[in-house]
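In: From the sequence below, what's the structure:
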Amino acid sequence: MTTMGVAPVTPVRTPLAVTRGAVKTMRPRQWVKNVLVFAAPFVGGDLLTPGIVPDLLVAFIAFSLAASGVYLVNDAQDVAADRAHPTKRLRPIAAGIVAPRLAIGVAVVLLVAALAVSLLASVHLLVVLAIYAAVQLSYCFWLKHQAVLDIVIVASGFLLRAIAGGAATGIPLSQWFLLVAGFGSLFMVAGKRYAEMMLAERTGAKVRRALENYTASYLRFVWALSATVTIMMYCLWAFDIGQEQHNQTWSVISIVPFVIAVLRYAVDVDRGNGGEPEEIALGDRVLQVLALVWVGTLAVAVYGG
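Out: Predicted coordinates for the structure are as follows:
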């Protein structure tokens, strides 16, 4: 006689399945975040300087390896909580396809490889990458359940990627660039947390411990505040770029697609669909068009003179 309910499914752990599971846990789709290493040289007008692009590709590869190592550690640490989540339970480690110990071993290899690769560009990139790894691992092991600290640490991951472009190439970063990158990162992360809270309310899923210390109104406050500062700093930055490049018309025009893109992203977040920024970036065609228009107008402003 069989019992009522769904019988647990024994995961298939063939070498091929484990390999695929490990690669999936590395989340190659999220490597799109690492294009931020190109941001500083691009807006600084140095992207076409000989020798810049190879160093940026080194930074991109190093951060991709490091980020994948952090994802493996994070999923290995969160295996119990992920199994109680409506979607995260399907992750390879939570589903029992990849053993946590194996994930940690692969993570160590990836993190060491990332540090070694970063040296191909500069010692400064190595320092930035080491800080990124240390901060993100502290998040995985200790700080992810601390309200406010968790969103700040996740936001710092985006900011450090942007800083890495300057570190790899020796390009100084302006105060406007750092402010836009910093508050823009906070905007995306606060939206991600808000979407997670909306998902929990819709499905009844157990929320992460840090979210228990938040309210939807608080996250909307952080989200709105960071969006406001991001737009304000970008506008000031655009006028500053125009004065430096003597091409103020196009730098000011770039404000229009930038602001519309922020508002478009906010629509997705407000619907509770902003759980992963890269999913919005890869799935929203209008947002992609706005991004291309923005990059195009900014390129004319910086390189057109």
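
In: Without its sequence neighbours, what residue ends up closest to A266?
Out: A227 (6.5 Å; C-beta to C-beta, 6 or more residues apart in numbering). Backbone N, C-alpha and C define where each C-beta goes, glycine included.

In: CA atoms only for the lowest-mean-pLDDT helix or strand in the chain, dumped as PDB, please.
Out: Lowest mean confidence among the helices and strands of the chain (mean pLDDT, DSSP states H and E): helix 277-283, at a mean of 71. Output in PDB follows, covering the C-alpha atoms of helix 277-283 (Å, rounded to 0.1, in the frame of the first residue of the first chain):
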ATOM      1  CA  PRO A 277      18.800  42.000 -12.400                       C
ATOM      2  CA  GLU A 278      20.400  40.000 -15.200                       C
ATOM      3  CA  GLU A 279      17.100  38.300 -15.900                       C
ATOM      4  CA  ILE A 280      15.400  41.600 -16.500                       C
ATOM      5  CA  ALA A 281      18.300  42.800 -18.600                       C
ATOM      6  CA  LEU A 282      18.200  39.700 -20.800                       C
ATOM      7  CA  GLY A 283      14.400  39.400 -21.000                       C
END
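
In: quick one: it to chain centroid distance?
Out: Helix 277-283 sits 11 Å away from the centroid of its parent chain (C-alpha atoms, centre = their mean, to the nearest Å).

In: list the buried ones in the very next helix or strand once past it?
Out: Downstream of helix 277-283, the first helix or strand assigned by DSSP states H and E is helix 285-303. For helix 285-303, a neighbour-count test (16 or more other C-beta atoms under 10 Å) marks 287, 290-291, 293-294, 297-302 as buried.

In: likewise stretch 34-43?
Out: Going by neighbour count (16+ other C-beta under 10 Å), the buried part of stretch 34-43 is 34, 36-43.

In: So which residues lie in contact with that stretch, not counting its own?
Out: Contacts to stretch 34-43, defined as C-beta atoms under 8 Å, 6 or more residues apart in numbering, come from residues 47, 49, 52, 56, 59-60, 63-64, 67, 158, 161-166, 168-169, 171, 173, 177, 181, 241, 298-299, 302.

In: before we move on, back to that, pLDDT, secondary structure and distance to R27 added to the buried residues of stretch 34-43, as CSV?
Out: Output for those, formatted as CSV (pLDDT from 0 to 100; DSSP: H, G, I helix; E, B strand; the rest coil; distance: C-beta to C-beta, whole Å):
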residue, pLDDT, secondary structure, distance to R27
N34, 92, helix, 12
L36, 92, helix, 16
V37, 94, helix, 17
F38, 93, helix, 20
A39, 91, helix, 21
A40, 89, helix, 24
P41, 90, helix, 25
F42, 90, helix, 25
V43, 86, helix, 27
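
In: tally of neighbours for M232?
Out: Using other C-beta atoms under 10 Å, M232 is surrounded by 13 other residues.

In: any idea which of the buried residues of stretch 34-43 is the one closest to L119?
Out: V37 (15.6 Å; C-beta to C-beta).

In: Look up how far V58 lies from that closest one.
Out: 9 Å (C-beta to C-beta, to the nearest Å).

In: Which neighbouring elements make contact with the least confident helix or strand of the chain?
Out: Helix 277-283 is packed against helix 175-203, helix 285-303, with contacts defined by 3 or more C-beta pairs under 8 Å, 6 or more residues apart in numbering; DSSP states H and E.

In: switch to 6 Å and redo it
Out: Helix 277-283 makes packing contacts with no helix or strand when contacts are defined by 3 or more C-beta pairs under 6 Å, 6 or more residues apart in numbering; DSSP states H and E.
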